[in-house]
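Chemist: Sequence first, then the predicted structure, then my questions.
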Amino acid sequence: MPEARRPRIAILGRFAESTSVTRYAGVVNARRLLELVWAAGGEPLTLLPIANSNWAERLQGIDGVLMPGGSDINPERYGEKAESSELYGIDDLQDEVDLSLVTHVFEQGIPLLTICRGTQLTNVALGGTLLQHMDNPHYHHVAEVSFDENAKELGLTTPTLQASCYHHQALKNLGRGVVAIAHAGEGHVEAVRYEGAKNWAFGLQWHPEDNYDSDAEQLAIVKTFIEAARG
């Protein structure tokens, strides 16, 4: 019996000033993230960030969208001035393209998983704000995350898991339809459901790609997303 077609998962690339294999600035996604999507049954495809994209055309044949981690969002996008010297990597083109893609995804009801910056960006797209710098940044930090009853919608079998975090910002005011479904011990939101979305749509603040091969719960989340994309 032939193997079922892998759902095609679009992952918007991230600008990088340099890479080890090219003479130019790069557009990248983390190898671990692509391998996670593959391990979960999907076909990961990196998209080049282009302003004024015709997303209806560019996403033809795409079954789901994953918004990955990356650098910080310009605070002006959520109505604030830069208040922290810890802000890094702000790129207005990246912000513009991310926001336009997320808007299209919600309009068209495409299954969506957001990770770290992707979750922060989506919260901003829906009118929310960010804490520009946490008192205790979650760099290389493993936090116990506790879920509410929505854990099963993510394919989880336990109400808590160990989350590999690498973020110095946090969600502050939640945007329209952004519902907190998991928190870390100090109270920061670590997972959300995008209520009112026309399809499966959830966001994480941590990086499931860090330990999916040793923690089945991390892989289960992305498998659930891939199955939603399969339709």
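Modeler: Sure thing, it's come through.
Chemist: Give me the buried positions along whichever strand or helix holds D95.
Modeler: Here D95 sits within helix 92-108, counting by DSSP states H and E. In terms of neighbour count (16 or more other CB atoms under 10 Å), helix 92-108 has its buried residues at 94-102, 104-106. (C-beta placed from N, C-alpha, C; glycine too.)
Chemist: Report the backbone C-alpha coordinates of stretch 197-212 in PDB.
Modeler: Output in PDB follows, covering the C-alpha atoms of stretch 197-212 (Å, rounded to 0.1, in the frame of the first residue of the first chain):
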ATOM      1  CA  ALA A 197     -10.100  30.500  14.100                       C
ATOM      2  CA  LYS A 198     -11.800  28.500  11.300                       C
ATOM      3  CA  ASN A 199      -9.400  25.600  11.800                       C
ATOM      4  CA  TRP A 200      -6.900  24.100  14.300                       C
ATOM      5  CA  ALA A 201      -4.800  27.000  15.600                       C
ATOM      6  CA  PHE A 202      -2.600  26.900  18.700                       C
ATOM      7  CA  GLY A 203       0.600  28.600  19.800                       C
ATOM      8  CA  LEU A 204       3.500  27.700  22.100                       C
ATOM      9  CA  GLN A 205       6.100  30.000  23.700                       C
ATOM     10  CA  TRP A 206       8.700  27.200  24.000                       C
ATOM     11  CA  HIS A 207      10.600  25.200  21.400                       C
ATOM     12  CA  PRO A 208       9.300  21.600  21.000                       C
ATOM     13  CA  GLU A 209      12.100  21.000  18.500                       C
ATOM     14  CA  ASP A 210      14.700  21.000  21.300                       C
ATOM     15  CA  ASN A 211      13.700  17.700  22.900                       C
ATOM     16  CA  TYR A 212      11.000  16.000  20.700                       C
END
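Chemist: List the buried residues in it.
Modeler: Going by neighbour count (16+ other CB under 10 Å), the buried part of stretch 197-212 is 197, 199-212.
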